[in-house]
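> can't give you the sequence, but here's the structure:
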């Protein structure tokens, strides 16, 4: 079997496999072909790939020669015709890009969207959302520190005392927990809000204060993700968040609900109550953002408050981001290959089945199919 790795479009800097991952696959009797320059932004040049056993080729050669094609972002429309009867693996957000899934189906491609892998213990080593969110949470705090016009830690000097920065984190998932750890290392006082009471211990173990609003809907059926809440709870939540937003110097927002627009947790009115020079980093920008003023891939300054909409912070550390992502992919590829290195799609495996969106010209993921049924003309 041959696996091909495509060069990602700008501004993406990550690559699906690094040379260290190629070396693993070649031992499995799998041939790997890399598009020219695919790893250059992640500091992996073509020579390193060749040393690891990969073949270097032009884009069309990679597509034509490969049974499995790896690309983090959806391939360009100009590539799709050449991908007929291929298996494609990447991060395609099919609950938002369900029209693209229909296009894949019309090309008779098989599509695995690794961001849809079930959140189970067995899947942890393949969970790209977690591995990349960890990086995003870390970099969000560093980005805020660069924009914030004051110190993070407390300083006591002969010239006077500097109070520590107050940081509020909305959402204690992987990104939020890493943001807590990073903020605390830099000396900030950290408060954390999450609708899941179960994360209280994790938050407190990292040295942050947990802010709780009673009456949240049980997230137990959502596989660890946040769930939609009642209107009554939302009102109580809004009041509690407003109270803490007004005191915060730095806010990191991470709240997302799979297949839904990100919940708006911070209103314009709340932002206007913040101090000049305060910074908000919104990691949910790609799905609408957690503030009313968030714009994806933009920094908005409103009455002295900077609102940074950035869902691609993992790409700002391309070497380690690619290292973790590639390991996730290698682990998942083990489920798609047999002992001789041939393609073997076992849909009896819950991870294979849960991650597959399109197969044999049909959309096989129930949630994506339902979305197309609900919005047939959009």
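It's in. Just so we're clear, the structure is a prediction, and the values are computed from it rather than from any experiment. Numbers count the residues shown, from 1 in each chain.

> where in this structure is pLDDT low?
Filtered on pLDDT under 70, the chain yields the residue ranges 215-229, 374-378.

> how about it, which residue sits the furthest from its center?
residue 158 (44.6 Å; CA atoms, centre = their mean).

> separation between that residue and residue 188?
Distance, residue 158 to residue 188, using CB to CB, to the nearest Å: 24 Å. For every residue, glycine as well, the C-beta is placed using N, CA and C.

> likewise residue 12?
The spacing between residue 12 and residue 188, counted by CB to CB, is 30 Å.

> Can you get me a residue count around residue 101?
Close neighbours of residue 101, defined as other CB atoms under 10 Å, add up to 25.

> Buried by neighbour count: which residues of the helix or strand harbouring it qualify?
Per DSSP states H and E, residue 101 falls inside helix 98-106. Neighbour-count burial for helix 98-106 flags 98, 100, 101, 104, 105 (criterion: 16 or more other CB atoms under 10 Å).

> can you pull the contacts of residue 34?
Shown in contact with residue 34 (CB atoms under 8 Å, 6 or more residues apart in numbering): 4, 5, 17, 22, 46, 49, 54, 55, 56, 57, 62.

> what do you get if the cut-off is 7 Å, keeping everything else the same?
Taking CB atoms under 7 Å, 6 or more residues apart in numbering, we find residue 34 in contact with 5, 49, 54, 56.

> What segments of the stretch 151-300 of the chain are strands?
All strands of the stretch 151-300 of the chain, identified by DSSP state E, counting those that start in this stretch, fall at 155-157, 160-162, 166-170, 189-193, 209-211, 250-253, 279-282, 298-302.

> In a markdown table: the ones you listed, plus distance to residue 312.
Below are the strands of the stretch 151-300 of the chain laid out as a markdown table (distance: least, CB to CB, whole Å):
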| stretch | distance to residue 312 |
| --- | --- |
| strand 155-157 | 33 |
| strand 160-162 | 32 |
| strand 166-170 | 19 |
| strand 189-193 | 23 |
| strand 209-211 | 28 |
| strand 250-253 | 15 |
| strand 279-282 | 12 |
| strand 298-302 | 12 |
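
> Is it possible to get those out as TSV so that each row also shows mean neighbour count and distance to residue 120?
Converted to TSV, those look like this (neighbours: other CB atoms under 10 Å; distance: least, CB to CB, whole Å):
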stretch	mean neighbour count	distance to residue 120
strand 155-157	9	46
strand 160-162	10	46
strand 166-170	26	26
strand 189-193	24	25
strand 209-211	16	26
strand 250-253	30	27
strand 279-282	28	29
strand 298-302	14	36
